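1. dropping a prediction and its sequence here:
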Amino acid sequence: MNFKKILIIFAILVILAGIYYWDSSRKEQREQADLEADNISVISADSVEYVKIQRPDETYILKNAGDNSWVIRFDDGYTVAAESTAVISLLNAIGRIEKTEELGKVEDLSRYGLSMPSVSLTIGSEDKTQKINLGIKNPQGDGVYAQIGDQSRIFVVRDNILTQSDKSSSDMRNKAILNINVGDIASFTYASQKTSITFKNSDKEWFISSSRMIKADLERVTSFLNSLTQGEILKFIDNTKAADLKTGLENPVAELNINTVSGNTISLQFGASVPLDKISESTENSQQPSAPSGQIYLKSSTYREVLVAQSSLFLGLNTDINYWRNKKLLDIPFDSILDTTIQGPKESVSFKRVRETKFSIYKPSELPTSTWECNSLNNRITNLKALEIVENPSELKEQPDFDPPYSIVSIKTGPTKLLPAAENYEGSLIISNNVIKYQNTNVRFVKVNNIGKLYLVTAKAISDIVKTPFDLMDKSLVSIIAEDIDEIRIKTKIGAEDTIIKVERDSNTWKVSDPPSLKNKDVDDLVYDIVMVQMTGIAEKKSSIHDYGLDSPFAKISVIPKKGDAQEILIGNFVSVDKKKEIYLKLGSGRTVYTSPSKLRLIIEGLIAE
């Protein structure tokens, strides 16, 4: 009996669910039908193949060129690339032209701006064509009067279709000066009225083509080409109107010819500068492409019109080979460096790669290494550039002094996990003792691998690479962060007795847990100094460890982490360094003695004095 009741209830639920689903489906269909009824467009956005736009002052056609690109075609067949963002906005508006009111048949179209429409759109797909005329806006200002073809029925539609379609061909055009990517450029030549310079791309490197191939500054060339390919045309000027302007293009001051990898050539000619506030008038400025007036006239082989662009895009253009040549002293990849040695005026240091991004100092031995400092130094060495390259040093008025050199920087490279294809290379920078003035800047002479030519490098850049062992050290007392510390033990004397002070975490503070006489003393400052204070230098060598007070240290601090080995700090005597009170200390069983701010010892002294 119970089973029959359950079966009946289940059947009723199934029927009710079916009714609900049927009603919901009908409701969705009705809503979709109402939605479609409000849309006067019969062609969806994704099926549009062309749009003919007729405005009172011009007519042009937007045509689908495939691969998500569109072109603008004019009545005389002239075709240019369209701006994809503007086209997409127009297509979205075309696919949904929503009517908000239907006025029915009207006799006088002029009342609605439809006898001479603001815009007439002829929209075509593969199998449909529809013409829509747009007039003036309605009194409320949120809609525009519209007419389908030559029908006498008039609608009010949302005004977004007028906003997106009432645009000149210039508004819809792709405004890129060069509608190509930097990677598409195989070579380019810049010619002034007197000289020229040619650049060629070879395996992602740029070379200056002259009597011999000179490697160009990759960053400088790439930066210029990026600005050029990303630069935009500010205005297109019809040739008829341009004839009344002093564009300077009848005798251009310079020309840029760009050859693409596909074999095409694009030419840019540079004319006179243009005032920022006027396009229809010329100025009497000097006709230089780098004139700082803001804008410049251009002529491009890609466009038939005269162009206006920002003159700042071409400020870097000149024919000076020295400006463009690669002035890096060691043109090697940063990730290929295996070993670096700095022979300084007083000290030397060597470090090597021990893992992908980790370095270790091996001369002098046992120094804790700052991988960040080693990486930064290698980066500065690989990016070191000269102000000037001297091909014939004998012609210099002031000769370099390399006897002895101020410093020698040696580099070894080879395959690494980061750069398996890197080449084996050994190079050295030999740096002169003397400093001279060049272009009001202090510079040193540098020889690379003892080869004849000299590089003039700023003294500041040299000081940034000639580092001491201490410069490259990890200067932390411990390599454990506070959150990972489990316990700290300090072996010292209270009175005449050896005592071990135990420090443990108590909620958010650090307190002494033993001995009882110091129990619950707050020692946050002590822990902060252990973790945060850094060494200030490597101590001067003395005849005995006794002279540092480290044969019987004032305190021996053991920092015990939650995981891993404990780290020890031995604190010795006070010392005056540059009129500052500091202390001697050692790390663990190491032999090197360092100096550090005295606060750590003073805190312990204050603690045991209580």
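-> Perfect, I can see it now.
2. only C-alpha atoms for contact and neighbour calcs from this point on.
-> OK.
3. strand partners of the longest strand anywhere in the chain, parallel vs antiparallel please.
-> The single longest strand within the chain, with elements called by DSSP state E, is strand 425-438. Partners of strand 425-438 in the sheet, by DSSP bridges, are strand 407-413 (antiparallel), strand 441-448 (antiparallel).
4. got the residue ranges for the strands in the stretch 201-350 of the chain?
-> Under the criterion DSSP state E, counting those that start in this stretch, the stretch 201-350 of the chain contains strands at 205-209, 213-215, 233-237, 254-260, 265-274, 295-300, 306-310, 337-343, 348-353.
5. determine which of those approaches residue 83 most closely.
-> With CA to CA, the closest approach to residue 83 among the strands of the stretch 201-350 of the chain belongs to strand 233-237: 12.3 Å.
6. hmm, who's touching that closest one?
-> Strand 233-237 is contacted by residues 170, 175-177, 305-310 when judged by CA atoms under 8 Å, 6 or more residues apart in numbering.
7. of those, which is the most crowded?
-> residue 307 (25 neighbours; other CA atoms under 10 Å).
8. including distance to residue 316 and mean pLDDT, could the strands of the stretch 201-350 of the chain go into TSV?
-> Below are those laid out as TSV (distance: least, CA to CA, whole Å; pLDDT from 0 to 100):
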stretch	distance to residue 316	mean pLDDT
strand 205-209	15	93
strand 213-215	18	90
strand 233-237	18	92
strand 254-260	13	95
strand 265-274	14	92
strand 295-300	15	93
strand 306-310	13	92
strand 337-343	32	97
strand 348-353	39	96
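9. if we can go back for a sec, may I see the buried residues of the longest strand of the chain?
-> Across strand 425-438, burial judged by 16 or more other CA atoms under 10 Å covers 427-436.
10. coming back round to it: quick check: which of the strands paired with strand 425-438 is nearest to residue 521?
-> Among those, strand 407-413 comes nearest to residue 521, with 51.7 Å by CA to CA.
11. what's the angle from that closest one to strand 337-343?
-> 170 degrees (axes from the mean of the first three to the mean of the last three CA atoms, to 10 degrees).
12. now strand 407-413: mean pLDDT?
-> What strand 407-413 shows for mean pLDDT is 97.
13. gap between that strand and the chain center?
-> 30 Å (CA atoms, centre = their mean, to the nearest Å).
14. now swap in stretch 398-409 and tell me
-> 38 Å.
15. try stretch 206-215
-> Taking mean C-alpha positions (CA atoms, centre = their mean), stretch 206-215 and its chain are 29 Å apart.
16. buried set for it?
-> 206-209, 214-215.
17. before we move on, back to that, between the strands of the stretch 201-350 of the chain, which one is closest to residue 70.
-> Of these, the one closest to residue 70 (CA to CA) turns out to be strand 233-237, at 18.3 Å.
18. figure out the length between the terminal residues of stretch 226-240.
-> Length of stretch 226-240, first residue to last, CA to CA, to the nearest Å: 32 Å.
19. pLDDT score for the nearest residue to residue 388 once chain neighbours are set aside?
-> Of all residues not flanking residue 388 in the chain, residue 456 sits nearest, at 5.3 Å (CA to CA, 6 or more residues apart in numbering). Listed pLDDT for residue 456 reads 96.
20. you'd agree residue 456 is up against residue 445?
-> Yes. Residue 456 lies in contact with residue 445 (CA atoms under 8 Å); the separation is 5.0 Å.
21. looking at these two, which has the bigger crowd around it?
-> Higher neighbour count among residue 456 and residue 445: residue 445, with 29 against 22, using other CA under 10 Å.
22. report the contact partners of residue 477.
-> By CA under 8 Å, 6+ apart, residue 477 lies in contact with 530-535, 569, 587.
23. mind checking how far the helix or strand harbouring residue 585 is from the chain centre?
-> Secondary structure assignment for residue 585, by DSSP states H and E: strand 580-587. Relative to its chain's centre, strand 580-587 lies at 43 Å (CA atoms, centre = their mean).
24. which positions in it come out as buried?
-> Buried residues in strand 580-587 (16+ other CA under 10 Å): 582-587.
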